[in-house]
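Peer 1: Output the structure for:
(one chain, ligands or ions: 1)
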Amino acid sequence: MNKDLFAHVTLSDEITQLRAQIHRLDHGYYVLDAPLASDADYDALMSRLRLLESQHPALITLDSPTQRVSGQAQNSFAPVVHLQAMRSLDNAFSDDDVRDFWQRIVGILPQAEPIFCAEPKLDGLAVSLTYENGIFVQAATRGDGVTGEDVTLNVRSIRNIPLKLMSDNPPERIEIRGEVVMPRAAFDALNARQRASGDKVFANPRNAAAGSLRQLDPQTTASRHLQFFAYAIGDIAPPNIPLSGTEFVYFASQWLLLQSLRQWGFSIAKEVRQLEGIAALLTYWQQLGEQRAQLAYDIDGVVYKLDKIAQQQQLGFTAKYPRWAIAHKFPAQEVWTKLLAIDIQVGRTGALTPVARLEPVAVGGVMVSNATLHNADEIARKDIHLGDTVVVRRAGDVIPEVVCVVEQLRPDAAVVFIMPDACPVCGSAVIQEADKSVHRCSGGLYCPAQKQRALEHFVSRKAMDISGLGGKVLEQLIDAKLVNHPDDLYRLTREQVLTCERMADKSATNLLNAIEKSKNTSLPRFIFALGIPEVGEVTAQSLARHFLTLDALMQASEQQLQQVNDVGVVVAMHVHQFFAQTHNQAVIAGLLAAGIHWSAMEVIQAATNSPFAGKTVVLTGTLSSMSRDEAKHLLTLAGAKVSGSVSAKTHLLIAGEAAGSKAEKASALGVEIWQESEFLAALETLHSSHTQE
Ligand code: IVH
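Peer 2: As a prediction, this is how the structure comes out:
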């Protein structure tokens, strides 16, 4: 034998084996959902095959796994005439419609109780795949049922479609019909990517699947993670295939056809069942309807197909539909209706949420008259005008949502929506943070919509620390209109407190004592208690230390606020806006009038019982809560002498992040070392011990 020829034979054998192996792994991974090899092993096989094919391009075949994404972008999609027309199904919208369908069939086939194959009605796009001698050669969309579009290159990239039928005895030519769907997880991921890149988001997985199939570049389709589920065949040649030992008779019944398709390597919807009796069909519909929200893909109903092919042939077709099958639809999850108005709801954190008021309409079997619009950006992105006809969707248990506008139905009088600049509940100014889509009411203390939450925060342990005022008690006081704003707490009488459920004499006394005791507080606590957006405990401390008095803080401009450690543009804006609201000013005045007081910051900082008094302290490393200068300033106020280097005279080293040689030296000299947290704790103790005196 010629040596070269011999080399060639083994090479082509290796290529064939590699392809067979990769096909088997693809089938395990994408069809059976059971990976048979590690990613690394799979990649190694693929690289080897790519290498061999690049060295011997003449050996590349159409069904090679390397040809899934061929990379050439197209200009358009050529028309394809289906060898057998792709029909659609008649619809049943009620149990009675299904009973009528059943009666018609039983009337024609009186001799037998018919068996049905029940399948989910996948909400995607019907396509027809042509295989010649077992090799995938063409894919076409349904089009008008007679002529579709050639989407071969795109469909080839769908990984759960076999490029070669797993059969030793495939028909010479066969059209395999099924649905291309985008699983919900892939849909969510795609929309997240689209949103991030500022591209158009898709209204639902069906539109996304359709858009992905009509991409001119197969690379894009490949990135969309589409799936194909087979449920029928079209033309087959020759029509009567002799059976091989292992294959099913794909003409005997729909059920066996599905098993054949599964054997050939296709994904079949897991939910298919063989059923007998109309009650079983209706139960199937009911159960699948309940599982609908949990399925990996969207379905819009179920399909009942008379199972025996011989019986199907007996019934035949009407002008449009098969008489032997029907689609039993679920109540629509997506409907069109009129947008009457956009109301604004103010949440407990002050966030303003626009809510669509809709002409009432049934969605997914439930009447819907409101739907969330999320925020102003979302309204702008969807270009929603007042007066528009909108698409409303309710997927599973999810709250109804306005998906998009039906632009062609926009009336001339439709107007653009504008977010109000005053809170619709309390009239305080509405602010929008830069880079954030949320609009917020700035009347934190005053706004009734935020009352309960603002009060819960106000009384919390790290704020005014009023124990005995848990959520339930507070709720009753609010409901009874005894407390509207925090200053009302300080006017509560014993009689009023006793009107609360389960409030005994003793607990009333405790509560009134706690309220009284809370009047003696500290400036940082008081600032924190106000519940200014973005102002937590640490920021409240920084603000107090910096401005020393409440007055100075209330008067500060945004620029002055930004001088404070840790206070950036956003925090400065919130603080400034908060104190600018006359409503908030009134509540603060009420609180001070009620007797809330604190020791002056300077007094605290000059504390004599300070752990720092008379100590030589060295700072090293980076502190996360304040600058080196500020730490030095505070230590000095607390009576320390701050030194730059460690020596035998050093009493204490405060070590921030990445403390280096100073920390080593201190530890060698046996100097006490504190982490930043211990330093902060000591500062906090200083404040509280002085406020309680
Ligand atoms: S059988 C002659 N089975 O529904 C019957 N169709 O209205 C051919 N569909 O165009 C269709 N799931 O896009 C069939 N399990 C299923 C289906 C299904 C979804 C779609 C398909 C078809 C439409 C018919």
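
Peer 1: any weak-confidence spans in this structure?
Peer 2: Scanning the chain for pLDDT under 70 picks out 1-9, 71, 239-251, 395-398, 602-609, 687-693.

Peer 1: which bits of it sit near the ligand?
Peer 2: 87-89, 119, 121-122, 126, 142, 179, 231-232, 303, 322, 325, 327 (Cβ under 6 Å from any ligand atom). Glycine gets a C-beta too; all of them are placed from N, C-alpha and C.

Peer 1: let's see it at 8 Å
Peer 2: When proximity is defined by Cβ under 8 Å from any ligand atom, the chain lies next to the ligand at 86-89, 91, 119-126, 142, 177-179, 229, 231-232, 269, 272, 299-300, 303, 305, 321-322, 325, 327.

Peer 1: Drop the exposed ones from those and show what's left.
Peer 2: Buried members of the residues of the chain next to the ligand, scored by 16 or more other Cβ atoms under 10 Å, are 86-87, 89, 119-126, 142, 177-179, 229, 231-232, 269, 272, 299-300, 303, 305, 322, 325, 327.

Peer 1: What residues sit buried inside stretch 17-31?
Peer 2: Judged by neighbour count (16+ other Cβ under 10 Å), stretch 17-31 contains these buried residues: 18, 19, 21, 22, 23, 25, 26, 27, 29, 30, 31.

Peer 1: ok, those vs residue 438, which is closest?
Peer 2: Nearest to residue 438 out of the buried residues of stretch 17-31 is residue 30 (Cβ to Cβ; 40.6 Å).

Peer 1: since we're on the closest residue to residue 440 other than its chain neighbours, how many residues are nearby?
Peer 2: Using Cβ to Cβ, 6 or more residues apart in numbering and skipping the chain neighbours, the partner closest in space to residue 440 is residue 350 (4.6 Å). Applying other Cβ atoms under 10 Å, we find 26 other residues in the vicinity of residue 350.

Peer 1: distance of residue 350 from the ligand?
Peer 2: Distance of residue 350 to the ligand, given as Cβ to the nearest ligand atom, to the nearest Å: 46 Å.

Peer 1: OK, now which residue of the stretch 401-550 of the chain is nearest to the ligand?
Peer 2: Nearest residue of the stretch 401-550 of the chain to the ligand (Cβ to the nearest ligand atom) works out as residue 403 at 20.9 Å.

Peer 1: Determine the next helix or strand in the C-terminal direction from the helix or strand where that residue lies.
Peer 2: If you go by DSSP states H and E, residue 403 is part of strand 401-405. Next helix or strand after strand 401-405 toward the C-terminus (DSSP H and E): strand 415-416.

Peer 1: so how far is that next one off the chain centroid?
Peer 2: 29 Å (Cα atoms, centre = their mean, to the nearest Å).

Peer 1: now swap in stretch 178-192 and tell me
Peer 2: On Cα atoms, centre = their mean, the centre of stretch 178-192 falls 14 Å from that of its chain.

Peer 1: mind listing what's buried in that stretch?
Peer 2: Neighbour-count burial for stretch 178-192 [16+ other Cβ under 10 Å]: 178, 179, 180, 181, 182, 183, 184, 186, 187, 190, 191.

Peer 1: show me what contacts the nearest residue to the last one once chain neighbours are set aside?
Peer 2: This points to residue 191. Of all residues not flanking residue 191 in the chain, residue 201 sits nearest, at 4.5 Å (Cβ to Cβ, 6+ apart). Residues in contact with residue 201 (Cβ atoms under 8 Å, 6 or more residues apart in numbering) are 191, 194, 195, 381.

Peer 1: Tell me the secondary structure of residue 201, please.
Peer 2: Secondary structure, DSSP: H, G, I helix; E, B strand; the rest coil: residue 201 is coil.

Peer 1: Please report how far it lies from residue 165.
Peer 2: Separation of residue 201 from residue 165 (Cβ to Cβ, to the nearest Å): 37 Å.

Peer 1: for residue 388, same thing?
Peer 2: 49 Å.

Peer 1: Over to residue 233?
Peer 2: Remark: distance between residue 233 and residue 165 (Cβ to Cβ) = 12 Å.

Peer 1: More neighbours: which of these two?
Peer 2: The neighbour comparison of residue 233 against residue 165 (other Cβ under 10 Å) goes to residue 165, with 23 against 20.

Peer 1: wouldn't that one be in contact with residue 265 here?
Peer 2: Yes: using Cβ atoms under 8 Å, residue 165 is in contact with residue 265, at 6.3 Å.

Peer 1: ranges for the helices of the stretch 1-150 of the chain?
Peer 2: All helices of the stretch 1-150 of the chain, identified by DSSP state H, counting those that start in this stretch, fall at 3-26, 39-55, 95-108.

Peer 1: Please convert the buried residues of stretch 17-31 to CSV, extending it with distance to residue 217.
Peer 2: Converted to CSV, the buried residues of stretch 17-31 look like this (distance: Cβ to Cβ, whole Å):
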residue, distance to residue 217
18, 27
19, 25
21, 29
22, 24
23, 25
25, 26
26, 22
27, 26
29, 24
30, 22
31, 26
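
Peer 1: Nearest residue to the middle of this protein?
Peer 2: Among the residues of the chain, the one closest to the centroid is residue 188, at 7.1 Å (Cα atoms, centre = their mean).

Peer 1: what's the helix or strand for it?
Peer 2: Element membership for residue 188 (DSSP H and E) is helix 184-196.

Peer 1: What is the subsequent helix or strand relative to that helix?
Peer 2: Trace forward from helix 184-196 with DSSP H and E and the next one is helix 205-213.

Peer 1: joint contacts of residue 233 and residue 165?
Peer 2: With Cβ under 8 Å, 6+ apart, residue 233 and residue 165 have no common neighbours.

Peer 1: quick one: contacts of stretch 140-156?
Peer 2: Against stretch 140-156 from outside (Cβ under 8 Å, 6+ apart): 67-70, 72, 74, 77-82, 85-88, 125-130, 136-139, 161, 163, 180, 212-215, 218, 221, 228.
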